[in-house]
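Enquirer: Sequence first, predicted model second:
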Amino acid sequence: MAAVAAPCIFGLRELFGQDTVATSTSPGWFKDALARMKERKLHGVVLIAPAGLAEEKALGMALWDLLDGDHAAAHELFTGGVFIGMSPQIAAACGLRKEGEKENRILLDPEGARIAAEVFAPEALKSGDAFAASFEPFLLGKDAERLKSRAEELLKRAPDELRSALRELGGEDIEIRERAAVTLQPYAADYHPLFAWLRRSAPDAEVRSALRSILERLYQSAKKDDFGPRLPFGTRVPKFTSGGCGGMREVAENGEDTGSMVACGRGSIEAPKVRMFLKFLTK
């Protein structure tokens, strides 16, 4: 069983036309995202930041709240796809978005080809439920058709131990159910689509609840500071240093002190707690 899965397109013969390939000019983190998608057979969701700094920070704060808060529905999607954050400049340079296009989320298939693009409203990030309602059909397809197809594929090669544990997850004896959950947990990374589909489709509420817990534990086990489920590719968590007088300064992307104080309020200091957010990488 593999470790936890975590979840531009350059050199097109025609923009958005053929299979997509990263070249030497693509950011290294994008190449890593493409490799993750191909290896895990996961779709990629590219989130394109607004052009304005204030709007970008608002998006970064909303994403941080979803990633770090108690939002199991959102976490299941972050683990079930490869999420990528991009500035408009990088998205354009990588061939993901033509000049003048307004789509701010783009769906890539596991081979890296663009297959859909839409505009999503900021309200989609207001809560875990709102995020799931907006992003689940975009990532998984209508009625989760893409998820179902992948789940059926995985079930065909599932080992007997996994199949048996899934049956026991709905058993009458609580000890049997708990033992089954323990058995299934190490399989969660490799069989996430199967567990996620059964979490939606199983008729037994106990089974659905148990699978939700298994998937959430998988998410929580991922590292916060590595690209993956808890940190979208192409983003970073800003670092801060003392700014004097009880204030804080943000450390720049290259590790140098920006020399500017972080103002109090949203995305800043809240006496003395820092309001965290994600930043989009610039290279």
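Expert: That came in fine, so what should we check first?
Enquirer: which stretch of helix or strand covers the nearest residue to A92 once chain neighbours are set aside?
Expert: In this structure, A92 finds its nearest non-sequential neighbour in E99, 6.7 Å apart by CB to CB, 6 or more residues apart in numbering. C-beta here means a position set from N, CA and C on the backbone, and glycine is covered the same way. For E99, there is no host helix or strand (DSSP states H and E).
Enquirer: where does E99 land on pLDDT?
Expert: pLDDT, E99: 81.
Enquirer: residues near it, how many?
Expert: 6 (other CB atoms under 10 Å).
Enquirer: same thing with E123?
Expert: Neighbour tally, E123, other CB under 10 Å: 11.
Enquirer: ok, it - contacts?
Expert: A130 (CB atoms under 8 Å, 6 or more residues apart in numbering).
Enquirer: Show the pLDDT at it.
Expert: 95.
Enquirer: Tell me how far it lies from E206.
Expert: Note on E123: its distance to E206, by CB to CB, to the nearest Å, is 33 Å.
Enquirer: ranges for the strands of the stretch 51-200 of the chain?
Expert: 82-86, 105-108, 114-118 (DSSP state E, counting those that start in this stretch).
Enquirer: what residues does the first one touch?
Expert: Surrounding strand 82-86, the residues in contact under the criterion CB under 8 Å, 6+ apart are 6-8, 30, 33, 36-37, 40, 42-49, 63, 94, 96, 232-235, 278, 280-281.
Enquirer: and what of stretch 147-155?
Expert: Stretch 147-155 is contacted from outside by 41, 80, 140-141, 190-191, 193-194, 196-198, 200-201, using CB under 8 Å, 6+ apart.
Enquirer: buried set for that stretch?
Expert: Buried residues in stretch 147-155, counted by 16 or more other CB atoms under 10 Å: 147-148, 150-151, 154-155.
Enquirer: Please identify which of the residues you listed is nearest to A180.
Expert: Nearest to A180 out of the buried residues of stretch 147-155 is L155 (CB to CB; 16.2 Å).
Enquirer: residue contacts, the residue nearest the centre of the chain?
Expert: Taking CA atoms, centre = their mean, the centroid of the chain lies closest to F78, which sits 3.1 Å from it. Counting by CB under 8 Å, 6+ apart, F78 touches 7, 66-67, 219, 229-230, 232.
Enquirer: Serialize the buried residues of stretch 147-155 to TSV and add fields for pLDDT.
Expert: Formatted as TSV, these follow (pLDDT from 0 to 100):
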residue	pLDDT
L147	97
K148	97
R150	97
A151	98
L154	97
L155	97
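Enquirer: closest to S26 among those?
Expert: Looking across the buried residues of stretch 147-155 and measuring by CB to CB, the closest to S26 is R150, at 26.2 Å.
Enquirer: ok, the closest residue to A144 other than its chain neighbours - how many residues close by?
Expert: Leaving aside its sequence neighbours, A144 sits nearest to R200 (CB to CB, 6+ apart; 6.2 Å). R200 has 18 neighbouring residues, counting by other CB under 10 Å.
Enquirer: any idea of the pLDDT on V21?
Expert: Note on V21: pLDDT of 44.
Enquirer: Pop out the phi and psi values for T235.
Expert: phi -130, psi 170 (degrees, to the nearest 10).
Enquirer: Show me the domain layout of the chain.
Expert: 148-216, 238-280 (automatic domain parsing).
Enquirer: any chance of the contacts of F78 in JSON lines, with secondary structure, pLDDT and neighbour count too?
Expert: Compiled in JSON lines, the contacts of F78 are given as follows (DSSP: H, G, I helix; E, B strand; the rest coil; pLDDT from 0 to 100; neighbours: other CB atoms under 10 Å):
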{"residue": "P7", "secondary structure": "coil", "pLDDT": "37", "neighbour count": "25"}
{"residue": "L66", "secondary structure": "helix", "pLDDT": "97", "neighbour count": "23"}
{"residue": "L67", "secondary structure": "helix", "pLDDT": "96", "neighbour count": "22"}
{"residue": "Y219", "secondary structure": "helix", "pLDDT": "98", "neighbour count": "24"}
{"residue": "P229", "secondary structure": "coil", "pLDDT": "97", "neighbour count": "29"}
{"residue": "R230", "secondary structure": "coil", "pLDDT": "96", "neighbour count": "22"}
{"residue": "P232", "secondary structure": "coil", "pLDDT": "96", "neighbour count": "26"}
